[in-house]
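>>> I would like to see how this sequence folds:
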Amino acid sequence: MRGTLICLSTLLVLGYLLFSSENTKSQTGPNPVQPVLVTTVKSFGATGDGKTDDSAALQRAVDSKIGQIRFPKGVYRITKTINVDLDQLGPTSLSSDGTATIIMAGAGPAFRFIGTHEGTASPDTVKENVWRNQRSPMVDGLEIVGDHPEACGVEATGTMQITLTRLTIRRTLHAIHFIKRNRNVIVSNCHLYENRGAGVFYDHVSIHQSNIVGCHISYNAGGGVVVRKGDIRNIQIGTCDIEGNMGDKDSEPTANVLIDSEKAMVGEIAIVGCTIQHDHFAPGSANIRINENAHIRPHSSEHRDGNITIADNVLSDVQTNIEITSARGVTVTGNTMWKGYTHNIRIHDCNNILISNNVLDRNPRYHYKDGATAQVGMLFTDCDGITVSGNLINGTGDQTPAVEIRDSRRMNLTNCTILDYSTVGLLLKNVTDSRVSDCLIRTDLPDSQNAQAIQIVGGKDNQIIDNLLKE
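Now for the predicted structure:
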């Protein structure tokens, strides 16, 4: 009997304890979840107040090897380049959500990525330490503003798969600067705006496989996308807005897209689906200027560089919309262009070029101010093996022929519509071994009674056939 009473007492005590425990939980609620502490640059002493020099703090954050360097909202003023030595640090990214600004108040780039990749884009040339420590460095969601005459945005050398996204870079010298050697580059969804040099600068660099996509590249005085010499292959520029990348009237001529490969090897380029425009007030301005300058090999005049496609772009308001010199294997197709104040298309010393299905218009909507003085036409000089087909050319100003071909051979002009020229529809001067066929060439402008559909000066062995002309 006594043992039974002890057992009952024990059960009562246990039940009371359980009841009390549950009652306490119901009163206090579940245990609160402890917040996860996120490591950011402020964890390393950065203030982000826009006044303090945060250079040392940012370098400490990078050198800590945490890899993901986060910038919370703030203005981070630095006076020294933050070096990201990838082989020493391992994979590294710099990121914000668009609320952090870096003020670069010193000379040089705000961020310099340093890799050791010496191979190509082929996997068997990439060393294991590159895959382990250096692959895919990233910068995302930051604004970088220059506050020094020699301040730059992001510089990369020796990198493999560097990816730059959602950046705003302004008032620097060069916004994005590639030097020495890089492979597999992506620049996307960036705003590169109002810089004194280039928006994207390929500076005597060995670089293959680089994509520039969906960017706004504007008002950079030294050019929008600029290639200066080097060993460069596979540049894709797509669906970008590129405009006003010219200096003032005293600046060297530049272009919204400038490919200058003199004494270098540059080719395999696609410029597709962009709007490219402004500013015809800048001397020598161009929307797309390609200078391959291939005559650099001893005892040879052979063209080797080129293999370029310029397709489906909208181009306007410069001295020359498309200018190509000393290249081969170039396709210019499906573009719409107007207000080329000197020419819309200028091709010099080129082989094996296709110019097809482009619209060169003279829309009255754009005649305000000095738009009426803009030219429209095409000019070919010292060329060999060019096909010009299916183009519509309407209006050419007061003097320039709509299409002018000089000192060239094996030119094939077919199925073009050339309308409302003031003086000459097609001028052939010292052209040989060429053909003009199936074109409509006529003008219905007032006071154009003395205009000529086709004018031929010199040349030989040409066929002019099956064209509809108004003489």
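>>> just the strands in the stretch 201-350 of the chain please.
216-218, 225-228, 231-238, 241-243, 255-260, 265-272, 275-277, 286-291, 306-311, 314-325, 328-333, 336-348 (DSSP state E, counting those that start in this stretch).
>>> Adding mean neighbour count and distance to Lys80 as columns, could you present these in a markdown table?
(C-beta placed from N, C-alpha, C; glycine too.) Below are these laid out as a markdown table (neighbours: other CB atoms under 10 Å; distance: least, CB to CB, whole Å):
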| stretch | mean neighbour count | distance to Lys80 |
| --- | --- | --- |
| strand 216-218 | 23 | 27 |
| strand 225-228 | 26 | 26 |
| strand 231-238 | 20 | 30 |
| strand 241-243 | 23 | 32 |
| strand 255-260 | 28 | 31 |
| strand 265-272 | 21 | 33 |
| strand 275-277 | 23 | 36 |
| strand 286-291 | 28 | 36 |
| strand 306-311 | 22 | 40 |
| strand 314-325 | 26 | 39 |
| strand 328-333 | 20 | 44 |
| strand 336-348 | 23 | 45 |
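>>> which stretch among those comes nearest Thr81?
Across the strands of the stretch 201-350 of the chain, Thr81 has its closest neighbour in strand 225-228 (21.4 Å, CB to CB).
>>> Show me the contact partners of that closest one.
198-204, 212, 217, 235, 237, 242, 254, 256-261, 266 (CB atoms under 8 Å, 6 or more residues apart in numbering).
>>> do the same with stretch 261-275
204, 227, 229-243, 257, 259, 288, 290-293, 296, 305-314, 329.
>>> now the helices for the stretch 301-450 of the chain?
Under the criterion DSSP state H, counting those that start in this stretch, the stretch 301-450 of the chain carries no helices.
>>> next one: the stretch 1-150 of the chain
So, for the stretch 1-150 of the chain - with DSSP H, counting those that start in this stretch - the helices run 2-28, 55-63, 86-89, 128-133.
>>> Surely Leu192 is in a strand?
Yes. Assessed with DSSP: H, G, I helix; E, B strand; the rest coil, Leu192 lies in a strand.
>>> Quick check: it touching Phe201?
No. In this structure, Leu192 is not within contact of Phe201 by CB atoms under 8 Å, at 10.2 Å.
>>> which residues do these two both contact?
With CB under 8 Å, 6+ apart, Leu192 and Phe201 have common neighbours Ala175, Ile176.
>>> what about the two, which has more around it?
A direct count of neighbours by other CB atoms under 10 Å for Leu192 and Phe201 places Leu192 higher, at 32 against 26.
>>> Report the beta-bridge partners for that one.
Counting by DSSP bridges, Leu192 is bridged to Ile169, Ile217.
>>> Quick one, grab the pLDDT at Pro30.
Pro30 carries a pLDDT value of 58.
>>> residue ranges with poor pLDDT in this protein?
Within the chain, the ranges that satisfy pLDDT under 70 run 1-37, 294-304, 367-372, 397-399, 471.
>>> try 50
1-2, 4-6, 8-9, 11-14, 17-19, 22, 24-27, 295-300 (pLDDT under 50).
>>> Next up, the contacts around the residue lying closest to Met246 once chain neighbours are set aside.
Closest residue to Met246 apart from its sequence neighbours, by CB to CB, 6 or more residues apart in numbering: Ala282 at 3.5 Å. Contacts for Ala282 (CB under 8 Å, 6+ apart) come out as Met246, Gly247, Asp248, Lys249, Ser251, Pro253, Thr254, Val318, Gln319.
>>> Please tell me how far His191 sits from Phe44.
From His191 across to Phe44, the span is 28 Å (CB to CB, to the nearest Å).
>>> Report how many residues lie close to the nearest residue to Thr81 once chain neighbours are set aside.
The shortest distance from Thr81 to any non-neighbouring residue, by CB to CB, 6+ apart, is to Gly108 (4.4 Å). Neighbours of Gly108 under the rule other CB under 10 Å: 18.
>>> Gly108 against Gly153, yeah?
No. Assessed by CB under 8 Å, Gly108 is found out of contact with Gly153, at 10.5 Å.
>>> Can you give the contact residues for stretch 315-324?
Outside stretch 315-324, the residues that reach it (CB under 8 Å, 6+ apart) are 246, 255-256, 276-280, 282-290, 292, 308, 310, 330, 332, 335-348, 350, 353, 366.
>>> where does Ile418 sit relative to Leu427, distance-wise?
Counting by CB to CB, the gap from Ile418 to Leu427 is 11 Å.
>>> Compare these two (neighbour count), which wins?
Applying other CB under 10 Å to Ile418 and Leu427 shows that Ile418 carries more neighbours, namely 30 against 21.
>>> Looks like Leu360 contacts Leu379 (just checking).
No. Leu360 is beyond contact range of Leu379, at 11.8 Å (criterion: CB under 8 Å).
>>> quick one: which of those two has more around it?
Ranked by neighbour count (other CB under 10 Å), Leu360 and Leu379 place Leu360 first, with 27 against 21.
>>> so how many other residues sit close to Thr414?
By the criterion of other CB under 10 Å, Thr414 has 17 neighbours.
>>> what sits against it?
Per CB under 8 Å, 6+ apart, neighbours of Thr414: Thr387, Val388, Ser389, Gly390, Arg435, Val436, Ser437, Asp438, Cys439.
>>> Next step: those residues restricted to strands.
Thr387, Val388, Ser389, Arg435, Val436, Ser437 (DSSP state E).
>>> what's the closest of those to Ile103?
For these, the nearest to Ile103 is Val388 (51.1 Å; CB to CB).
>>> okay if I get the contacts of Thr414 as JSON lines plus distance to Gln455?
Formatted as JSON lines, the contacts of Thr414 follow (distance: CB to CB, whole Å):
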{"residue": "Thr387", "distance to Gln455": "21"}
{"residue": "Val388", "distance to Gln455": "17"}
{"residue": "Ser389", "distance to Gln455": "21"}
{"residue": "Gly390", "distance to Gln455": "22"}
{"residue": "Arg435", "distance to Gln455": "17"}
{"residue": "Val436", "distance to Gln455": "12"}
{"residue": "Ser437", "distance to Gln455": "17"}
{"residue": "Asp438", "distance to Gln455": "19"}
{"residue": "Cys439", "distance to Gln455": "14"}
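>>> among the residues you listed, which ones are buried?
Thr387, Val388, Ser389, Gly390, Val436, Cys439 (16 or more other CB atoms under 10 Å).
>>> give me the beta-bridge partners of the second one?
Which is Val388. Bridge pairing for Val388 - DSSP bridges - gives Ile355, Leu413.
>>> ok, Ile114 - contacts?
By CB under 8 Å, 6+ apart, Ile114 lies in contact with Asn83, Val84, Asp85, Leu86, Asp87, Thr157, Gly158, Thr159.
>>> Neighbours of Arg365, how many?
Arg365 has 8 nearby residues by other CB under 10 Å.
>>> make that Lys65, sorry
Neighbours of Lys65 under the rule other CB under 10 Å: 11.
>>> Quick check on it: phi, psi?
phi 70, psi 20 (degrees, to the nearest 10).
>>> Could you check how far the residue lying closest to it once chain neighbours are set aside is from Ser43?
Computed as CB to CB, 6+ apart, the closest residue to Lys65 that is not its neighbour in sequence is Leu89, at 5.4 Å. According to CB to CB, Leu89 stands 17 Å off from Ser43.
>>> what about these two, which has more around it?
More neighbours surround Leu89 than the other of Leu89 and Ser43, with 19 against 15 (other CB under 10 Å).
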